[in-house]
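J.: coords below, sequence missing:
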C-alpha cells in the first residue's frame, strides 16, 4: 500500500467495472483519475468515438460543461479578494442591465404581471444561484418566461447550440425580462454563473477567457483548458454523444472537426463553456484541496475556499428549488459547488464538494479523506442518473484501504 492508502486489488475492481460499462455501450470510453494524499491513479478505457475510433487517452479533451461553474466562482473570488468586487454589494455598477428589477407575481404570470424587486441583486446572489432567475425545474417550455428566454436566444442548448449573442448583447436582452423570483428567495440553477462571467470580464477589464488564462489556467499549469480547442489539439477532442430516449442508442451530438468548440464562442459561457482534461482539472482540484494553494502558487486564501465550500442556503431557500428529486436531502450549495451535508451511503461523505458536467463528467474533493475524484466521459446526460456515475463514486471510495 502506497502513501495514498489505496488497495491495489480494489483499484483493479474499479477498472473491471468501468471497463464493463464501456463494453456494454454505456459510454464509448472514459478516463478516471483518483488522487489521495498526493498519490494519483489514472485509468483510461475505451475509445474517443464509436465505431472503432482512436483509443481514449489520458490527455483527451472533454467538454466539461457545468464543471465550468467552480472555475467561474474561483475567478470571482479572486476579484473579491482584490476588493474589485464585494460579496454583498449590488451588481448594478458593473451590470446596469440588472438595476431596478421587476419580478413576476407568479412563475406562470405574463411578463407584464410584475412587482418591484425587494432589493438589488448582489455578487453573493450570483455565486449562490439566488439572483431570482435561472432554469425552470422541471422545464415545461410553455411558461411565458420560458418562451421569452427561447425567443431571445439566451439559453439555447445544454449547452449546444450556443447563444449567438456577445456578452453585452446577451446582457441587454436578459435585462428586458423580469426576474422569476425575488433576489435571495430561492436557488435557481445556471444563469447566475453566466451573469457572473460577464461581471468578471467587466470588473477585470479583460475578456473572460483572458482572465481565466492569466489568473487561473497559466498559474496552475492548465495548458489544455479553455473555451476553444485550437486546431492543433482537435485530434485529442472526444466526440460527444447523447442518448436517444426512445431507442436508448447513443447518437452524435457534437463532432470534432466541426465541433462547436472548434471556434471561439460569441458568448464565453461561465456556466458551461469550458473544455479540459482530467489532469488539468486535477490541478484545479488540488488548488482548492490545498486551501487555495498549489505548490508555490496561491490563488485564494483559505477563508475564501472555506466560504466557497460551505452550504450557503437555508432550508427555506431550498424548498421548490428542484434539480433532481430528493437532491436537497443531502446536498447544499456554496459558491459554484455543491456540498454533501448528510451521509447516506459509501460515497456521500459530509464536507465533500464538487460538481458535475451534463455532458458526462464529474469531480469532487473530499477534505477529510484528502481525496480528489474525477470522471470524464463523452456521453451527454445528467451523470447522477447514470449507472456509470453511480458506480464510479462507490468504486472510488471502496478502494480506500486504511
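T.: Perfect, I can see it now. The shown structure was predicted, so the numbers you read here are calculated from the model rather than taken from an experiment. Numbering: from 1, shown residues only.

J.: Could you use CA atoms for every contact and neighbour count after this?
T.: Will do.

J.: Can you give the contact residues for the helix or strand harbouring residue 287?
T.: Residue 287 is part of helix 278-289 when elements are defined by DSSP states H and E. With CA atoms under 8 Å, 6 or more residues apart in numbering as the test, helix 278-289 has contacts from 31-33, 58-60, 220-225, 293-294, 298-299, 305, 364-367, 370, 372, 374-376.

J.: Report the contact partners of residue 44.
T.: When the contact criterion is CA under 8 Å, 6+ apart, the partners of residue 44 are 29-32, 56-58.

J.: cool, residue 276 as well?
T.: Listed by CA under 8 Å, 6+ apart, the contact partners of residue 276 are 61-64, 224-226.

J.: Can you list which of these are found in strands?
T.: Among the contacts of residue 276, the members found in strands (DSSP state E) are 62-63.

J.: who wins for most neighbours among the contacts of residue 276?
T.: Within those, most neighbours by other CA atoms under 10 Å means residue 63, with 33 neighbours.

J.: my guess is it contacts residue 274, does it?
T.: Yes. Residue 63 lies in contact with residue 274 (CA atoms under 8 Å); the separation is 6.2 Å.

J.: Sort out which residues of the helix-or-strand element of the chain with minimal mean pLDDT are buried, please.
T.: Within the chain, judged by mean pLDDT, DSSP states H and E, the helix or strand with the poorest mean is helix 315-318; its value is a mean of 81. Buried positions in helix 315-318, judged by neighbour count with 16 or more other CA atoms under 10 Å: residue 318.

J.: Which secondary structure state does residue 195 sit in?
T.: Here residue 195 is helix, with the state taken from DSSP: H, G, I helix; E, B strand; the rest coil.

J.: Let me see the contact set for it.
T.: Residue 195 makes contact with 126, 171, 270 under the criterion CA under 8 Å, 6+ apart.

J.: Remind me what the helix or strand harbouring the first one packs against, helices and strands.
T.: According to DSSP H and E, residue 126 maps onto helix 123-127. Applying 3 or more CA pairs under 8 Å, 6 or more residues apart in numbering; DSSP states H and E, we find helix 123-127 packed against helix 191-204.

J.: Mind listing residues that contact whatever helix or strand comes next after the helix it packs on?
T.: Scanning forward in sequence from helix 191-204 by DSSP H and E, the next helix or strand is helix 208-212. Helix 208-212 is contacted from outside by 75, 197-198, 200-201, 204, 226-227, 268, using CA under 8 Å, 6+ apart.

J.: same deal with stretch 70-78?
T.: Applying CA under 8 Å, 6+ apart, the contact partners of stretch 70-78 are 85, 127, 193, 196-197, 200, 211-212, 215-216, 270-271, 299-300, 304, 308, 335-337, 354-355.

J.: filter the residues you listed to the buried ones?
T.: Using 16+ other CA under 10 Å as the burial test, the contacts of stretch 70-78 include 85, 127, 193, 196-197, 200, 211-212, 216, 270-271, 299-300, 304, 308, 335-337, 354-355 as buried.

J.: before we move on, the earlier item: next step: the contacts of helix 278-289 restricted to strands.
T.: Judged by DSSP E, the contacts of helix 278-289 include 31-33, 293-294, 298, 364-366, 372, 374-376 as members of strands.

J.: So for residue 351, what's the pLDDT?
T.: Per-residue confidence (pLDDT) for residue 351: 95.

J.: now it, nearest residue through space, not along the chain?
T.: Once flanking residues are discounted, residue 351 sits nearest to residue 340: 5.5 Å by CA to CA, 6 or more residues apart in numbering.

J.: Ok, residue 29 next?
T.: In space, and not counting its chain neighbours, residue 29 is closest to residue 46: 3.9 Å by CA to CA, 6+ apart.

J.: burial measure for that neighbour, as a count.
T.: Neighbourhood size, residue 46 [other CA under 10 Å]: 22.
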